[in-house]
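Engineer: Model the structure of this input:
(chains A and B)
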Number of protein chains: 2
Amino acid sequence: MFFLVCFDIVDNRVRYRVVKILKGYGTRVQKSVFECANMTEYKFMKMQSDLEEIIDHGEDTIRYYPLCKHCVGQVEFSGTGNPPNTRAYSVS
Amino acid sequence: MFFLVCFDIVDNRVRYRVVKILKGYGTRVQKSVFECANMTEYKFMKMQSDLEEIIDHGEDTIRYYPLCKHCVGQVEFSGTGNPPNTRAYSVS
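Structural biologist: Residues are numbered from 1 along each chain as shown, chains lettered A, B, ... in the order given. This is a model prediction of the structure:
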């Protein structure tokens, strides 16, 4: 599965830890956006629970957007950046 | 169509104008993330061209992620925020 993970984290130390966790699962494509390919159900649940342990549920927000193979293939961008590396994705 | 639009804009004035344009197409769910539902092909191309006219293509980045009905229905979040308003979506 491919997940797009977007976050708004208030505290700098918490944000640093969120980024550190997400780097273990995907590629940072914008300051607060990661593309996480090749995610199994287990990997997603582990990532989500690790993140939920450290964020402040009253002021921080993380959104997880699953993209199927078709959706991933339609991603566009303006300005700098690269398209998602769909070759690396085993997207179900 | 449903589009997730994520942006990293360097200049504050340009970012303000990007947000203003995107408010005409969708809901701001995080500082640099908009959910744009009920997008026709024409609306998407108009939005994209309006944005591309004002950003600095050398340092700014905007990413457009289409989500089909199935993907939109699987969106999850941690912390604050609301699920996407799938009722309002005519998602093809």
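Engineer: got the buried residues for the helix ranked longest in chain A?
Structural biologist: Counting residues, the longest helix found in chain A (DSSP state H) is helix A:41-54. Of the residues in helix A:41-54, A:44, A:47-48, A:51, A:54 count as buried by neighbour count, 16 or more other CB atoms under 10 Å in any protein chain shown. Just so you know, the C-beta spots here come from the backbone N, C-alpha and C atoms, and that holds for glycine as well.
Engineer: Please list which of those are also close to chain B.
Structural biologist: A:48, A:51 (CB under 8 Å from any CB of the partner chain).
Engineer: for the strand or helix carrying residue A:17, what is the average pLDDT?
Structural biologist: Using DSSP states H and E, residue A:17 sits in helix A:12-23. For helix A:12-23, mean pLDDT rounds to 98.
Engineer: Can you name the secondary structure element that comes next after that helix?
Structural biologist: Next along from helix A:12-23, by DSSP H and E: strand A:27-30.
Engineer: Just confirm yes or no for that following strand near chain B.
Structural biologist: Yes. Counting by CB under 8 Å from any CB, chain B has neighbours in strand A:27-30: A:29-30.
Engineer: May I have the strands that pair with that strand, each with its orientation?
Structural biologist: strand A:33-36 (antiparallel) (DSSP bridges).
Engineer: contact partners of the partner strand?
Structural biologist: A:2-6, A:22-23, A:25-29, A:47, A:84, B:6, B:32-33, B:63 (CB atoms under 8 Å, 6 or more residues apart in numbering or on different chains).
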